[in-house]
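[1] heads up, no residue letters with this:
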């Protein structure tokens, strides 16, 4: 029973630590800071994606430039052959048909080049917009960071005092009991509860009379519903 009562006292101090830690995490300034940081990371990722797309398009433009030059040479050569002395009308028509095909490819290359250049212009505009927004949010991030550091340093001082007080409360408690407390805390917070009549003070489920008698006798009993370690009710 003494171990349970010592553990109960420790729990009060431990819960005070948890409450302040949660308060720090839920700080409006911290939440704004995290949101701003996430936005900056998103903008960085978007900028890199655009850079990657731009590199791919630049490579494609180089390939198209070569293809256009080659197609023009092929077209001019075919037209020249068709217009020069050929041995038959059929050969002349074949040259002209091939020239038409090459001209179609040439026009397709030119149109694709125009589309890529337009896309590049759009991406350059988008990158500019990202830079402007990034600069704005970066300034806001630095402002929030400075404010949160002041707030955190103040709260962290209080937190360290609470942690120190909680550590002091572990005196006299066995390692086995502390480990059991931490294991229960993984699924039930707080890990300990007192009887409230015949009910678990944690989940309010009714307990059999035999179980309540065992708890009052000082046996280590966990609630079958919530798993909390149970103590007798307040004296």
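    All right, it came through fine. Predicted, not measured: the structure shown is a model, and the values here were computed from it.
[2] Relative to the lengthiest strand in the chain, what are the paired strands and their orientations?
    If each strand of the chain is counted by residues according to DSSP state E, the longest one is strand 192-196. Using DSSP bridges, the strands paired with strand 192-196 in its sheet are strand 199-200 (antiparallel), strand 229-231 (parallel).
[3] State the distance from the residue nearest in space to the middle of the chain to residue 132.
    Averaging the C-alpha coordinates of the chain gives a centre point, and the residue nearest to it by Cα atoms, centre = their mean is residue 38 (7.7 Å). Here residue 38 is placed at a distance of 19 Å from residue 132 (Cβ to Cβ, to the nearest Å). In this view, the C-beta of every residue, glycine as well, is placed from N, C-alpha and C.
[4] Need the three-state assignment for residue 202.
    At residue 202, secondary structure determined by DSSP: H, G, I helix; E, B strand; the rest coil is coil.
[5] check contacts around it.
    Contact analysis of residue 202 by Cβ atoms under 8 Å, 6 or more residues apart in numbering lists 188, 190, 193, 223, 226, 228.
[6] Residue 19: which of the residues you listed is nearest?
    Within these, distances to residue 19 taken as Cβ to Cβ reach their minimum at residue 190, with 10.9 Å.
[7] My read is that the closest one contacts residue 227, right?
    No: under the criterion of Cβ atoms under 8 Å, residue 190 is not in contact with residue 227, lying 11.7 Å apart.
[8] Low-confidence bits of the protein, can you list those?
    Along the chain, segments meeting pLDDT under 70 span 1, 85-87, 235.
[9] Flag every buried residue along the longest strand of the chain.
    Residues 192-195 are the ones in strand 192-196 that count as buried (16 or more other Cβ atoms under 10 Å).
[10] from the chain's centre, how far out does it sit?
    Chain-centre distance of strand 192-196: 39 Å, with Cα atoms, centre = their mean, to the nearest Å.
[11] what's the helix or strand for the residue nearest to the centre of the chain?
    Taking DSSP states H and E as the definition, one finds residue 38 inside helix 28-83.
[12] which secondary structure elements does the strand or helix carrying residue 107 contact?
    Of the helices and strands defined by DSSP H and E, residue 107 is found in helix 89-168. With contacts defined as 3 or more Cβ pairs under 8 Å, 6 or more residues apart in numbering; DSSP states H and E, the secondary structure elements packing on helix 89-168 are helix 2-25, helix 28-83.
[13] Can you give me the buried ones in the shortest one?
    Looking back up the chat, that one is helix 2-25. Across helix 2-25, burial judged by 16+ other Cβ under 10 Å covers 4, 6-8, 10-11, 13-17, 20, 24.
[14] what sits up against that helix?
    By Cβ under 8 Å, 6+ apart, the list of residues contacting helix 2-25 reads 30, 152, 155-156, 158-159, 162-163, 165-166, 168-170, 172-174, 177-178, 181, 189-192, 194, 218, 220, 229, 231.
[15] What angle do helix 89-168 and that helix make with each other?
    On the basis of axes from the mean of the first three to the mean of the last three Cα atoms, to 10 degrees, helix 2-25 is oriented at 130 degrees to helix 89-168.
[16] got the angle between helix 2-25 and helix 28-83?
    Using the same axes, to 10 degrees, helix 2-25 lies at 50 degrees relative to helix 28-83.
[17] could we number from 53 for the rest of this?
    Okay, using 53 as the starting number, the last item reads as helix 54-77.
[18] Spatially, what comes nearest to residue 215 if we skip its sequence neighbours?
    Counting by Cβ to Cβ, 6 or more residues apart in numbering, residue 215 lies nearest to residue 69, which is 5.5 Å off, once chain neighbours are set aside.
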